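K.L.:
turn this into a model:
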Amino acid sequence: MPGQVLQRDKRDTGRAAISGECAAEGEVELRVLKGARALAGHAWRRAGRAKGGSFKAKLAGVPSGGPYRVELRVKDGRKTADCLGIDDVFVGDVWILGGQSNMEGIGNLEHAPEPHEMVRAFFMRDEWGVAEEPIHYLGEAVDVFHNGYGAGTGRPAARVLAKRRKGFVKGVSPGHAFGLDMFERTGVPQGLVACAHGGTSMQQWSPSRREMGGASLYGAMMRRYEKLGQPVSGVLWYQGESDANSKDARVYTDRMVELVESTRRDMGLPGLPWIVVQLGRHFAPGAEHWNSIQEQERRLPEVIKHLDVAPAVDLPLDDGIHIGGDGQLTLGRRLARLADRLVHKAKGAKGSLFVKRISLVPTPGARPEAPCTAVRLTYGNVLGGLTSDGQPAGFMLLDHRGRDAHAVYRTMVDGNAVTLCTNLPGHRLSAMSVSYGHGRHPHCNIADAEGMGLPVIKAMPVDPEHAPFIENWRTAHLPDTESIAQASFEAADGALDWQRAEEREGFGVLPKPADVKTTGVFAMRAALSATEPLEAQLVFGSNAPFRIWLGGELVLEDSKAGVPLNPDQYRARLELEAGENDLLVAYSVRSPAPNYGISARVGGPDGRADRRISF
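P.N.:
Residues are numbered from 1 along each chain as shown. Take a look at the predicted model:
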């Protein structure tokens with residue numbers, strides 16, 4: 001097609017199969033012009049044959065660059081038919097743009113980049129041209145899914161569509177900026193194939209709908225790919241907002257695996273690279289499923305080869321959910337960086353930023369008489385060091401239930417590391433998780449010197465091997481037991497009116513007695529399940545006298561326990577039976593106060609996490 005970008009091969013040359021109708025018969029000759037001159041090695045030469053009203057020819061070995069003019073003619077003996085010319089043919093890299101509205105582009109057009117002749121677009125009207133925003137114009141699409149018109153009589157005239165386009169105020173996507181940056185990086189023309197559609201779900205993108213053709217998203221994408229008749233360099237993908245719900249979030253990764261595998265199979269490109277955008281922000285309440293999609297996207301490279309993920313959580317919005325035009329320019333450059341590494345293996349190009357390790361270090365500047373601990377995250381793929389616009393922001397430490405522990409009072413960046421300063425001891429931090437970009441509308445502002453931001457982290461354990469805390473406690477008051485010395489297993493086991501134990505506010509891992517206004521001895525009970533008979537270790541903390549029984553046997557006690565509570569103060573060996581094991585605690589409350597509680601976690605013999613144990 002006129003204006004087309006042909007995908008270059010490993011030899012940095014382009015090829016194409018050319019066919020059409022032709023009244024003449026004979027040998028088809030072809031030449032390639034750059035300006036008024038034929039390219040070296042591409043003067044008139046035999047390229048195919050015309051017969052029976054049609055012709056076929058092969059174009060090959062055209063070096064990257066352009067624009068070129070491809071000319072064809074039919075030669076029958078001494079006679080030569082009129083020449084057919086195809087103008088503005090380029091050779092470079094071609095990319096499919098897929099997903100929903102943030103890839104379609106809803107950013108304000110005031111930030112749209114200037115068009116460049118070497119960055120082209122295969123618009124939704126099935127025509128090539130210089131890329132200009134909006135690259136996606138659903139109203140002019142050939143495929144019926146995008147506008148309901150299809151090729152039928154309800155389709156507005158081209159002049160009407162063009163007039164409407166001029167009235168747009170929104171339409172900036174990351175695709176255009178990506179193409180411009182890739183041209184700067186590679187020096188070869190870039191082709192962008194517009195396939196995205198706002199508000200669409202993974203189910204609507206399902207490869208199972210391919211047979212629907214242009215009435216489905218996958219079918220429309222494949223139709224356009226087949227119309228191009230050539231391979232592509234990769235897929236740029238931004239989608240997930242429509243799947244951030246209780247039903248679809250659970251299967252998002254599975255659907256992404258299916259989509260990527262299907263495109264690679266159906267396009268005949270088994271290693272087709274994918275560059276995915278991690279969801280940005282959304283100015284709306286409720287974050288559980290939104291953060292779930294973000295976390296699944298962050299971890300997609302673990303399950304899909306030849307895929308990388310660009311963050312977007314720190315980019316500005318032009319409305320409640322759409323990345324602004326200026327933010328789309330930054331996102332386009334991030335996608336180009338990942339593509340340059342993933343596709344071209346460019347020297348010096350880095351992939352997305354990732355946490356290499358998490359460690360506990362002394363909090364910088366802490367007083368010697370009050371030592372406290374900080375959490376340090378060391379990142380990989382950092383170019384030029386981490387930086388921030390103002391005070392670094394976006395991190396928090398979460399308790400075992402995913403809630404903000406309000407533990408970070410300062411965030412510091414240094415080189416390729418982020419340090420979260422706290423006033424807490426190390427044993428408290430070991431049970432927590434690190435989050436970056438928690439919630440739907442967080443304030444995040446950390447990136448490396450090239451502008452690559454940190455990805456959202458839902459909840460990364462500070463110590464992945466830290467044995468989990470027991471959460472499901474029940475509690476009951478023992479009115480006939482006056483002190484811990486009188487507490488017996490029989491009395492605790494026979495307690496009445498069991499209730500769910502509430503958490504001690506501000507700690508999250510410390511269940512408290514049912515009624516904090518009542519003094520005396522309380523019983524607290526939890527069930528431990530083991531897949532087989534095994535030895536375990538109880539790690540316990542208490543700020544009041546206690547006794548503990550497992551299956552009726554006393555395993556730990558301290559009649560003098562008191563404040564402060566140290567979650568790692570006591571350890572006891574447990575012999576667990578296969579199936580359910582009863583852990584029973586008697587706990588003495590000396591005065592009516594809300595600060596009493598216990599801490600208990602169970603792991604293997606070394607006190608570390610053991611997947612054979614659950615509670």
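
K.L.:
hey, let's count contacts and neighbours off CA atoms from now on
P.N.:
Fine.

K.L.:
okay, now the domains of this protein?
P.N.:
5-90, 91-342, 354-461, 474-614 (automatic domain parsing).

K.L.:
what's the closest of the ones you listed to residue 467?
P.N.:
domain 474-614 (4.0 Å; CA to CA).

K.L.:
what residues are up against the spatially most central residue of the chain?
P.N.:
Against the mean C-alpha coordinate of the chain, by CA atoms, centre = their mean, the closest residue is residue 297 at 2.6 Å. Residue 297 makes contact with 253, 276, 277, 278, 309 under the criterion CA atoms under 8 Å, 6 or more residues apart in numbering.

K.L.:
helix/strand/coil for it?
P.N.:
helix (DSSP: H, G, I helix; E, B strand; the rest coil).

K.L.:
ok, now residue 401?
P.N.:
Assigned by three-state DSSP, the conformation of residue 401 is coil.

K.L.:
quick one: the strands in the stretch 101-250 of the chain?
P.N.:
Using DSSP state E, counting those that start in this stretch, the strands found in the stretch 101-250 of the chain span residues 107-108, 119-122, 128-130, 170-172, 190-194, 234-238.

K.L.:
nearest to residue 468, of the domains of the chain?
P.N.:
domain 474-614 (5.5 Å).

K.L.:
measure that closest one end to end?
P.N.:
Its first and final residues considered, domain 474-614 spans 16 Å by CA to CA, to the nearest Å.

K.L.:
pLDDT (mean, whole number) over that domain?
P.N.:
What domain 474-614 shows for mean pLDDT is 86.

K.L.:
where exactly do the helices run in this structure?
P.N.:
Taking DSSP state H to define them, one finds helices in the chain at 101-104, 144-147, 158-166, 174-186, 217-228, 252-266, 288-298, 325-342, 426-429, 489-493.

K.L.:
using JSON lines, lay out the ones you listed together with distance to residue 115.
P.N.:
What follows is the helices of the chain, written out as JSON lines (distance: least, CA to CA, whole Å):
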{"stretch": "helix 101-104", "distance to residue 115": "17"}
{"stretch": "helix 144-147", "distance to residue 115": "25"}
{"stretch": "helix 158-166", "distance to residue 115": "15"}
{"stretch": "helix 174-186", "distance to residue 115": "8"}
{"stretch": "helix 217-228", "distance to residue 115": "22"}
{"stretch": "helix 252-266", "distance to residue 115": "30"}
{"stretch": "helix 288-298", "distance to residue 115": "31"}
{"stretch": "helix 325-342", "distance to residue 115": "13"}
{"stretch": "helix 426-429", "distance to residue 115": "51"}
{"stretch": "helix 489-493", "distance to residue 115": "77"}
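
K.L.:
among the ones you listed, show me which one is buried the most.
P.N.:
For the helices of the chain, the largest average neighbour count (mean count of other CA atoms under 10 Å) is found in helix 101-104, namely a mean of 28.

K.L.:
quick one, what contacts residue 172?
P.N.:
Contacts of residue 172 by CA under 8 Å, 6+ apart are 105-109, 111-112, 133-135, 324-325, 328.

K.L.:
can you tell me which of these is nearest residue 305?
P.N.:
For the contacts of residue 172, the nearest to residue 305 is residue 328 (25.8 Å; CA to CA).

K.L.:
if I look at the closest one, how far off is residue 469?
P.N.:
As for residue 328, its distance to residue 469 is 43 Å (criterion: CA to CA).

K.L.:
residue ranges with poor pLDDT in the protein?
P.N.:
Across the chain, the ranges flagged by pLDDT under 70 are 150-153, 368-370, 503-518, 592-595.

K.L.:
restricting to C-alpha, output the longest strand belonging to it in CSV.
P.N.:
The longest strand of the chain (DSSP state E) is strand 84-99. Output of strand 84-99 as CSV, limited to C-alpha atoms (Å, rounded to 0.1, in the frame of the first residue of the first chain):
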residue,chain,number,x,y,z
LEU,A,84,2.6,0.9,-12.2
GLY,A,85,4.1,2.9,-9.3
ILE,A,86,3.6,2.6,-5.5
ASP,A,87,4.8,5.7,-3.7
ASP,A,88,6.2,6.2,-0.2
VAL,A,89,7.3,2.7,0.7
PHE,A,90,9.5,2.5,3.8
VAL,A,91,11.5,-0.3,5.4
GLY,A,92,11.8,-0.3,9.2
ASP,A,93,10.0,-1.7,12.2
VAL,A,94,6.2,-2.2,12.6
TRP,A,95,4.3,-2.4,15.9
ILE,A,96,0.8,-3.4,16.8
LEU,A,97,-0.9,-1.1,19.3
GLY,A,98,-3.5,-3.0,21.4
GLY,A,99,-5.6,-2.7,24.5
